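Engineer: Structure for this input, please:
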Amino acid sequence: MSGVSLGLRMICCAGCLAWPVALAQSQGSPSTPPAPNQNAASTQAPPVVLTPRGGIEAPAQPSLQSSSSYSTSPRVVPKPGKGTNLHVSTRLSNLVDVRGQEENQLVGVGLVTGLGGTGDSVNMTRQLLQNLLLAHNVKIDPQQLTPKNIALVRVEATLPPGIVPGRSIDVRVSTLGDCKSLQGGTLTLMELTDISGQIVYATAAGPINVGGFLAEGEGATTQQNHVTVGTIPGGGKVERAVPSQVVSEHGFLYLDARASHSTFGTQVRIAEVINKAFPGAAEAAGEGRTVKVRVPSDLPRSAHVAYLDAILRLEVEPEQVARVVISERTGMVVIGEGVRLQPGAVARGNLTINVAESPQVSQPGPLSGGSTEVVERTELNVTEENNGLVLIPGAITLQEVVDVLNVMGATPRDLIGIIEAMSQAGMLLAEIRRL
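Structural biologist: Prediction:
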C-alpha cells in the first residue's frame, strides 16, 4: 500500500491532509520514500488523479476542432496582347463540313492484362477471363481464377471518312470497374463495332499509354494525372471501310456550316465568294445552313477532289455573332465580338456558409462503469455581403463591355450568374451558350 500511495498525486482539502500520512504510518512505511528509478520514469504511465472522496478523475478529453473557411485570391487582370481590331477572313474549310465525309465512332469492350495488382475485383473479371481462356482452348474452373492484374475496359475509336482496310487508327481506353490504374497494362485483341454491335469495322490491341502514374502505400497515395483512362496510338486496325462520297448522285456538293458559324449571313457570303470564282455554281439552301454547289457536268470524275479543294481554299469573312459562352463547371466566360450592353443597375451579394464538424469522444474514468460516447460539435458561420446597386452604362465595343463588367469586381463564377441575369433583364444583347 505504501508503494501505491507514493506513486499517486493526491488532491485533498485542508481538513483531510493528515489522511495519507496516517495511512502511510499505519502500514509501517518509512518517513522518506525511496528515490524513483530514473530509467523507468520515461516509460511509466501518467499518474492517476484522485478526488477528495477517493474517486478517480476522468482522463483528459481531446480538444482539437475542425475548421472551414472560404476565401478568394486577389484579382488578376492580364494585359491584352498585341493583335488587330480589323475583321478577320478565313478559308471555307474552317467554316463548313463536306456532306458525305463524316467521321464514325466505333465502340467495344475488352480486357487489359498485366496491371500488377491494380486491376478490377475478382468477381467482375472472372467470367470474362474464363471466356478468353476458352477461346484459346484452355479450360479452368472459374472458382480457381483469382486475377487482380486484369481490368474490364471500354474501347473507343474514330473512323475517319474514306479510310481503307488495313490502315491504323488511334484507340481510347477507359475502365468500367473498380480498377485503380491502367499503368503498364496491355489491351488484348478485341473487336470494334458500330453502335448496334453487329458489324465489325476494326480491331484493337497493344500497350496502353496513360500519361501518369499511381503509387500508394498503407497510409499515403501519390497520383499524377488520370490513370484510369489511356490511349493506344495506332493500336487499331481497320477491317471494313465505310462507304463515302464527295459528289452526290445529282451532281452537287453540299457544304454544311459548323455549329459556331451556322448563320444566314455567313451562308450568303459563302455562296457569293464561290460564285465569284465559279459563276452560277453555288446557292444557299432553303434551310439557311447549307450551301449547294453544282459540279460541272463536263468535269471528269477524277477532278472532283481538285474542284472541291479549290472551293475550300477560298476565303470569306464570316458574320460576327454576338455570343457569350459560359461554363459553370469550370468557371469560364468567353465573350465574342458584337456583344452589346444596355444601361441598367446590378446588385450582387454572396451568401457564404461555413460548416465545421468536430466530433469529440468522451471517455469515462477507470472503474467508473461508464461508456464511451461521441459528442457532436458543430460550428456554423454564415456571411452575407451587403453591397449596393452598381450603375451599368451602355457598352458598344468589346473593350467597353469588358471594362463595364470588370467594374463590378465579380469572380468568374459570380460573373456567370450576373450575365445570365442581365440576359433575362434584356440588358445583354447577345446569345448565351452553356457548356
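
Engineer: From here on, just use CA atoms for contacts and neighbour counts.
Structural biologist: Will do.

Engineer: where do the strands sit along the stretch 151-300 of the chain?
Structural biologist: In the stretch 151-300 of the chain, the strands defined using DSSP state E, counting those that start in this stretch lie at 151-159, 168-175, 186-193, 200-207, 213-216, 221-224, 229-238, 252-257, 282-284, 290-294.

Engineer: low-scoring stretches of the stretch 301-435 of the chain, by residue?
Structural biologist: 350-352 (pLDDT under 70).

Engineer: Tell me which of the strands of the stretch 151-300 of the chain approaches Q360 most closely.
Structural biologist: Q360 sits nearest to strand 221-224 of all the strands of the stretch 151-300 of the chain, at 27.5 Å, using CA to CA.

Engineer: quick one on the thing from earlier: between the strands of the stretch 151-300 of the chain, which one is nearest to L312?
Structural biologist: strand 252-257 (9.5 Å).

Engineer: what about N381, neighbour count?
Structural biologist: Using other CA atoms under 10 Å, N381 is surrounded by 12 other residues.

Engineer: What's opposite it in the beta bridge?
Structural biologist: Counting by DSSP bridges, N381 is bridged to N354.

Engineer: about what we covered before: ok, which of the strands of the stretch 151-300 of the chain comes nearest T372?
Structural biologist: Comparing the strands of the stretch 151-300 of the chain under CA to CA, the one sitting nearest is strand 221-224, at 32.4 Å.

Engineer: just to revisit the earlier point, reformat the strands of the stretch 151-300 of the chain as CSV; add mean neighbour count and mean pLDDT.
Structural biologist: Output for these, formatted as CSV (neighbours: other CA atoms under 10 Å; pLDDT from 0 to 100):
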stretch, mean neighbour count, mean pLDDT
strand 151-159, 23, 92
strand 168-175, 21, 94
strand 186-193, 20, 92
strand 200-207, 21, 94
strand 213-216, 13, 73
strand 221-224, 10, 73
strand 229-238, 20, 93
strand 252-257, 22, 89
strand 282-284, 21, 87
strand 290-294, 22, 90
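
Engineer: export those to CSV and tack on distance to Y307?
Structural biologist: As requested, these are exported to CSV (distance: least, CA to CA, whole Å):
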stretch, distance to Y307
strand 151-159, 25
strand 168-175, 28
strand 186-193, 34
strand 200-207, 30
strand 213-216, 49
strand 221-224, 49
strand 229-238, 29
strand 252-257, 10
strand 282-284, 13
strand 290-294, 11
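
Engineer: partner residues bridging G108?
Structural biologist: In this entry, G108 is beta-bridged to V155, by DSSP bridges.

Engineer: next one: phi and psi at the closest residue to E373 other than its chain neighbours?
Structural biologist: Counting by CA to CA, 6 or more residues apart in numbering, S362 is the residue found nearest to E373 once chain neighbours are left out, at 5.2 Å. Here is the backbone geometry of S362 (degrees, to the nearest 10): phi -100, psi 110.
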